[in-house]
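Trainee: All I have is the shape, not the residue letters:
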């Protein structure tokens, strides 16, 4: 089926809808919907999405969308398509950049900080015990362990598991429901759903219609779609191969050393081989290093060693 509207999971699609000054009303609407009235974002200013470390050799961070609202509160919004082993660590690391940049030079700064929100829109099911949870929206703050009360409310991490959202068009009630429906289904739609009649969605469907792209936009989008599909296909192929190879090796080794131990070791080797295969495929396609790290779960050093 030929797509009528862009896929917001692609880099081009996501940044076109949420990362441009021209379409910032879409981002404002989404943020307000996600916070269920706890936030009233009137305006946003887009900030430099590439952050450098304190040292020349420090790891940089490139955000999909980085902005602040009219109160100076910072928002990082990331579309993450593939599971990464240390994804939670990565979001914590990312949040340090908007914290550090608030430091004021001189001796008069009293350490006052504006709130920082790190938002991960995940095109996969979250790890560590949440795979089977029905909730698809997870909000995390620093908590006092004994009382379970929020200790610090200026640092917030929000993880949204898009695949778990399963409401049909007739079940959409809130604006958050409607935005989630768009994020999950936009590229599958052939017309604007009757449930999405708010003005902001008029803007969204106008900007998302592929037939309205000029030649340059169409080329950029097609390249982005191809990169997205290559990543998805590489991961699916590697997962199937990993499982098959891991089981085969585990079964063989298990005959001599014990079935359980053999299967575990075989699966571990298969997983490592799968990561290497993913990285090799993406390197051959000229995919940026940051994307390869996210897709494969390997470190930058491990990937660079493959290139030698």
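Mentor: Structure received. From a predicted model like this one, the values you see are computed outputs, not experimental measurements.

Trainee: Spit out the contact partners of residue 192.
Mentor: By Cβ atoms under 8 Å, 6 or more residues apart in numbering, residue 192 lies in contact with 201, 205. The C-beta positions use only the backbone N, C-alpha and C, and glycine is treated the same way.

Trainee: State the distance from it to residue 183.
Mentor: 15 Å (Cβ to Cβ, to the nearest Å).

Trainee: What of residue 123?
Mentor: Residue 123 sits 9 Å away from residue 183, going by Cβ to Cβ.

Trainee: lowest-pLDDT helix or strand in this protein?
Mentor: Every helix and strand in the chain was compared by mean pLDDT, DSSP states H and E; the lowest is helix 259-284, with a mean of 64.

Trainee: C-terminal to that helix, what's the next element?
Mentor: Following helix 259-284 in sequence order, the next helix or strand is helix 289-296 (DSSP states H and E).

Trainee: who touches the helix or strand just after that next one?
Mentor: Of the helices and strands lying after helix 289-296 in sequence (DSSP H and E), the nearest is helix 300-307. The contact list for helix 300-307, computed with Cβ under 8 Å, 6+ apart, reads 59, 276, 279, 280, 283, 289, 292, 293, 296.

Trainee: tell me the domain ranges of this structure?
Mentor: For the chain, the structural domains run 11-212, 217-307, going by automatic domain parsing.

Trainee: what ranges do the helices span in the stretch 51-200 of the chain?
Mentor: Secondary structure of the stretch 51-200 of the chain, counting by DSSP state H, counting those that start in this stretch: helices at 87-100, 175-185, 199-208.

Trainee: Contacts made by the top strand by length along the chain with the rest, please.
Mentor: In the chain, taking DSSP state E as the definition, the longest strand is strand 149-161. Contacts to strand 149-161, defined as Cβ under 8 Å, 6+ apart, come from residues 34, 91-92, 95, 99, 113-122, 124-126, 130, 136-144, 180.

Trainee: what is in contact with residue 123 and residue 183 at once?
Mentor: By Cβ under 8 Å, 6+ apart, the residues touching both residue 123 and residue 183 are residue 162.

Trainee: Tell me where the stretch 151-300 of the chain is predicted with low confidence.
Mentor: Per-residue confidence for the stretch 151-300 of the chain (pLDDT under 70) gives these ranges: 235-236, 238-271, 281, 284-288.

Trainee: what do you get if the cut-off is 80, keeping everything else the same?
Mentor: 230-297 (pLDDT under 80).

Trainee: And the strands in the stretch 51-200 of the chain, which stretches?
Mentor: For the stretch 51-200 of the chain, strands defined by DSSP state E, counting those that start in this stretch occupy the ranges 61-62, 65-69, 74-80, 116-122, 137-144, 149-161.

Trainee: just checking, what packs against the fourth one?
Mentor: Translated: strand 116-122. strand 74-80, helix 87-100, strand 149-161 (3 or more Cβ pairs under 8 Å, 6 or more residues apart in numbering; DSSP states H and E).

Trainee: nearest to residue 107, of the ones you listed?
Mentor: Closest approach to residue 107 among those is made by helix 87-100 (17.8 Å; Cβ to Cβ).

Trainee: Name the residues of that closest one that are buried.
Mentor: Using 16 or more other Cβ atoms under 10 Å as the test for burial, helix 87-100 gives 87, 88, 90, 91, 94, 95, 97, 98.

Trainee: Kindly report the same for stretch 228-237.
Mentor: Of the residues in stretch 228-237, 228, 230, 231, 234, 235 count as buried by neighbour count, 16+ other Cβ under 10 Å.

Trainee: In helices, which of those fall?
Mentor: Those of the buried residues of stretch 228-237 mapping onto helices are 228, 230, 231, 234, 235, per DSSP state H.

Trainee: Same list (the helices of the stretch 51-200 of the chain) but as JSON lines, adding distance to residue 45.
Mentor: Shown next, in JSON lines, are the helices of the stretch 51-200 of the chain (distance: least, Cβ to Cβ, whole Å):
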{"stretch": "helix 87-100", "distance to residue 45": "13"}
{"stretch": "helix 175-185", "distance to residue 45": "21"}
{"stretch": "helix 199-208", "distance to residue 45": "19"}
